[in-house]
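Novice: got a sequence here, can you model it:
(one chain, ligands or ions: 1)
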Amino acid sequence: MLTGCTSEETAQWKRLGLPPGASDRTEAMKSLWIGAWIAALIIGVMVWGLILFASVRYRKRNENAPRQTRYNLPLEVLYTLAPFAIIGVLFFYTVEHGNKITAMSDHPAHTINVVGQQWQWTFNYKDTVDGQEGVWETGTLDNPATLWLPVNESVHFDLTSPDVIHSFWVPSFYFKLDVIPGRTNKLELTPTKTGSFAGKCAELCGLYHSRMVFTVKVVSADEYQAHLRELAAKGQTGAATGGQDATTIPGSGPKEGQK
Ligand SMILES: [Cu+2]
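Specialist: Below you'll find the model as predicted:
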């Protein structure tokens, strides 16, 4: 309890456990998260209050059976309609905020194809670098990948997998999306803070699932371009879909199931 009293922790209390938001989509998610808790708390207090009231007011006083009430129409209408009203309000705000969070623009500044493979990540930057169409970097179990992003520029992500279902999760972006083989899931966001953020796979995907971690590095536009040129200079051009790495990741031995 004492370790929960630092100023850092009290700030986190105000966000009800969320890490500091680092993208343009986090505000909508944060208000939905906190709003849902406030709604739940109001309903909870009402229910607890009624339980307490009923158990004190109507406690057993003698051996006679209490008066039985049936077919109380107003009461029945109330407890049929009240849950619909609650669900309706939560549904409305979930759809409204969900639309904001998943909105796509026609011309994002950058497109990155994120490949989740057993058991690391490959990032294909679709920018044209020194005349080359796209550069990539991939992680290994021993050397997890780093996803570089430019601050204040919109990024469109295409998520693909050559093997099993993974889940692309950056807690500081308040965003998690499944990476499903045979399907391209999309998301878009604009990082708003420079710095390093943790990323991980959030779907149990096999033996080394826990090592499917990566780092998100949000940097200035110039540093971002410099990094892409660095990758191009290393010859990491074109697109890596992760299919090769899916069976032979250095350090992991043969793919799970083939042992
Ligand atoms: Cu995974």
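Novice: and the residue of the stretch 51-200 of the chain that's closest to the ion?
Specialist: The ion sits closest to His166 of the stretch 51-200 of the chain, with a gap of 3.3 Å, by CB to the ion. In short, each C-beta sits where N, CA and C put it, glycine included.
Novice: quick one, phi/psi of that residue?
Specialist: Per-residue torsions, His166: phi -120, psi -180 (degrees, to the nearest 10).
Novice: quick one: residues contacting it.
Specialist: By CB atoms under 8 Å, 6 or more residues apart in numbering, the residues touching His166 are 116-117, 178-179, 201, 203, 205, 212.
Novice: quick check: closest non-adjacent residue to it.
Specialist: The shortest distance from His166 to any non-neighbouring residue, by CB to CB, 6 or more residues apart in numbering, is to Gly116 (3.3 Å).
Novice: how much space between Glu96 and Gln236?
Specialist: Distance of Glu96 to Gln236, given as CB to CB, to the nearest Å: 41 Å.
Novice: who has more neighbours, these two?
Specialist: Each of Glu96 and Gln236 has its neighbours counted (other CB atoms under 10 Å); Gln236 has more, 19 against 12.
Novice: isn't that one up against Glu137?
Specialist: Yes: using CB atoms under 8 Å, Gln236 is in contact with Glu137, at 6.1 Å.
Novice: quick one: secondary structure of Thr128?
Specialist: The three-state label given to Thr128 by DSSP: H, G, I helix; E, B strand; the rest coil is strand.
Novice: could you find the closest non-adjacent residue to it?
Specialist: Setting aside the residues directly before and after it, Thr128 is nearest to Gly134 in space (CB to CB, 6+ apart), at 7.6 Å.
Novice: so where do the strands sit in the stretch 151-259 of the chain?
Specialist: Using DSSP state E, counting those that start in this stretch, the strands of the stretch 151-259 of the chain run over residues 155-160, 166-170, 175-179, 185-189, 195-201, 213-219.
Novice: any idea which of the ones you listed is most buried?
Specialist: strand 166-170 (a mean of 24; mean count of other CB atoms under 10 Å).
Novice: ok, now how distant is Met212 from Tyr71?
Specialist: The spacing between Met212 and Tyr71, counted by CB to CB, is 58 Å.
Novice: who has more neighbours out of the two?
Specialist: Per other CB under 10 Å, whichever of Met212 and Tyr71 has more neighbours is Met212, with 27 against 6.
Novice: gap between that one and the ion?
Specialist: Using CB to the ion, to the nearest Å, we find Met212 at a distance of 4 Å from the ion.
Novice: OK, contacts around that residue?
Specialist: Neighbour list for Met212: 116, 119-121, 166, 200-201, 205 [criterion: CB under 8 Å, 6+ apart].
Novice: what does the chain put close to the ion?
Specialist: Contact residues, the chain versus the ion (CB under 5 Å from the ion): 166, 201, 205, 212.
Novice: in JSON lines, list the residues you listed along with pLDDT.
Specialist: Listed next are the residues of the chain next to the ion as JSON lines, based on pLDDT from 0 to 100:
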{"residue": "His166", "pLDDT": "95"}
{"residue": "Cys201", "pLDDT": "95"}
{"residue": "Cys205", "pLDDT": "91"}
{"residue": "Met212", "pLDDT": "93"}
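Novice: for Tyr174, give me its contacts.
Specialist: Tyr174 neighbours (CB under 8 Å, 6+ apart): 18, 21, 23, 25-26, 29-30, 33.
Novice: nearest to Val47 among those residues?
Specialist: Nearest to Val47 among the contacts of Tyr174, counting by CB to CB, is Trp33 at 21.3 Å.
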